[in-house]
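**Student:** quick check, what structure comes out for this input:
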Amino acid sequence: MIDRLELLLALAREQHFGRAAEACGVSQQTLSAALKQLEERMGVLLVRRGSRFQGFTPEGECVLDWARRIVGDARAMQQELRGFREGLSGHLRLATVPTALPRIGTLTGPFMARHPAVRFTIHSATSAEILLRLRDLEIDAGITYLDNEPLGRVATLPLYDEHYCLLVAPDGALAGRASVSWAEAAALPLCLLTPDMQNRRIIDQHLGAGRRPPAVESNSVLLLLQQVRAGICASIMPSAFADAAGPGSVRCIPITEPAVTHRIGLVVPQRDPMLPSVAALLRLAQGLAAEGAFNKEFLSTHPST
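**Tutor:** Down below sits the predicted model:
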């Protein structure tokens, strides 16, 4: 039964019979037979079929919701049982918004030191992708914005507040300033993340309705930093990225008129019991957040803040 529900979840994720079968390591015929057996067991049609996948029936959507809970609980049980034999081990899948990447080591480093048998896969993703992947059991936890857009059915833990600065080349416009306003930043040619990123939507909100389109858009923070280093344009980023550009290669100028912050935090599925590895990650993150560990990089960069 659990195996068939796993196949149903794969079909929901891939939206294609062939790709879902390939993702699960089975033939398409095996996938189709398992779905038909599931439909017979449930007594309802779950999948709209034609020459290709056409979506789920209302009953199928209902079963999908239950399948996510059942499969999630089954995985948690299997990991907990394995823990009795081996201690905490396995694979922890984490996704983070790009602007939180400089601080990810604050969490993963101590976790790996405590639990060396756990390995990480870390994805960079948009806030919307993180929530969808959590729902579909593709990741185990995420780091994203908590206070700007709806989160849905997740448990949250605040980690730190994101502060914003104007990044310019050392000899660029406003490089000699101690602080700037959002209006002054808006007047510069800017390179920003693409609009699918929540950070970009936040920045657009603060730049105001009169903002001009950015000179460069990219979903790669590294590419944006290269543009700033080369003096092509300025950017608005969390302060932690100043060091990522290389020592002395950019100027990080706090934007203080007005000073704004947005909350970044850990999101995990609302499930009891949790995966043991997720529960351990959450406990560690709570301790680190209480110590202010995620704020240390900002405070060292801006000691007067």
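
**Student:** what is the burial count for residue 49?
**Tutor:** Number of residues near residue 49 (other Cβ atoms under 10 Å) recorded here: 14. Quick note: C-beta positions are derived from backbone N, CA and C, even for glycine.

**Student:** next: residue 62.
**Tutor:** Number of residues near residue 62 (other Cβ under 10 Å) recorded here: 14.

**Student:** for it, give me its contacts.
**Tutor:** Residues touching residue 62, when contacts are defined by Cβ atoms under 8 Å, 6 or more residues apart in numbering, are absent altogether.

**Student:** which parts of this structure are helices?
**Tutor:** Taking DSSP state H to define them, one finds helices in the chain at 2-14, 17-24, 28-42, 58-86, 104-114, 127-135, 182-186, 198-207, 221-229, 241-244, 276-291, 296-301.

**Student:** give me the most central residue, the chain.
**Tutor:** The centroid of the chain falls nearest to residue 96 when counting by Cα atoms, centre = their mean (2.9 Å).

**Student:** residue 284 versus the closest residue in space to that residue that isn't next to it in sequence, what's the distance?
**Tutor:** Nearest residue to residue 96, sequence neighbours excluded (Cβ to Cβ, 6 or more residues apart in numbering): residue 143, at 4.0 Å. Residue 143 is 13 Å from residue 284, where distance means Cβ to Cβ, to the nearest Å.

**Student:** the two - which one has more neighbours?
**Tutor:** residue 143 (27 against 17).

**Student:** residue contacts, that one?
**Tutor:** Listed by Cβ under 8 Å, 6+ apart, the contact set of residue 143 reads 94-97, 100, 104, 107, 130, 159, 264-267.

**Student:** can you check the pLDDT for it?
**Tutor:** Residue 143 carries a pLDDT score of 97 in this model.

**Student:** quickly list what it is bridged to.
**Tutor:** Under DSSP bridges, the beta-bridge partners of residue 143 are residue 96, residue 266.

**Student:** which residues do residue 143 and residue 284 both contact?
**Tutor:** With Cβ under 8 Å, 6+ apart as the test, residue 143 and residue 284 both reach residue 107.

**Student:** what is the neighbour count of the spatially closest residue to residue 46 that is not a sequence neighbour?
**Tutor:** Once flanking residues are discounted, residue 46 sits nearest to residue 60: 3.7 Å by Cβ to Cβ, 6+ apart. Neighbour count of residue 60, defined by other Cβ under 10 Å: 23.

**Student:** distance check, residue 60 against residue 166.
**Tutor:** Counting by Cβ to Cβ, the gap from residue 60 to residue 166 is 50 Å.

**Student:** and what of residue 184?
**Tutor:** With the distance defined as Cβ to Cβ, residue 184 ends up 8 Å from residue 166.

**Student:** how about residue 107?
**Tutor:** The value you get for residue 107 to residue 166, if Cβ to Cβ is used, is 28 Å.

**Student:** over to residue 272?
**Tutor:** Following Cβ to Cβ, the distance that separates residue 272 from residue 166 is 44 Å.

**Student:** more crowded one of those two?
**Tutor:** Taking other Cβ under 10 Å, residue 272 and residue 166 do not tie; residue 166 has more neighbours (28 against 9).

**Student:** if we can go back for a sec, my guess is the residue nearest to the centre of the chain contacts residue 141. True?
**Tutor:** No: under the criterion of Cβ atoms under 8 Å, residue 96 makes no contact with residue 141, lying 9.3 Å away.

**Student:** low pLDDT regions in the stretch 151-300 of the chain?
**Tutor:** 243-247, 296-300 (pLDDT under 70).

**Student:** how does it look with 90?
**Tutor:** Counting by pLDDT under 90, the stretch 151-300 of the chain contains low-confidence residues at 152-153, 163, 172-173, 208-213, 221-222, 238-250, 256-260, 270-275, 294-300.
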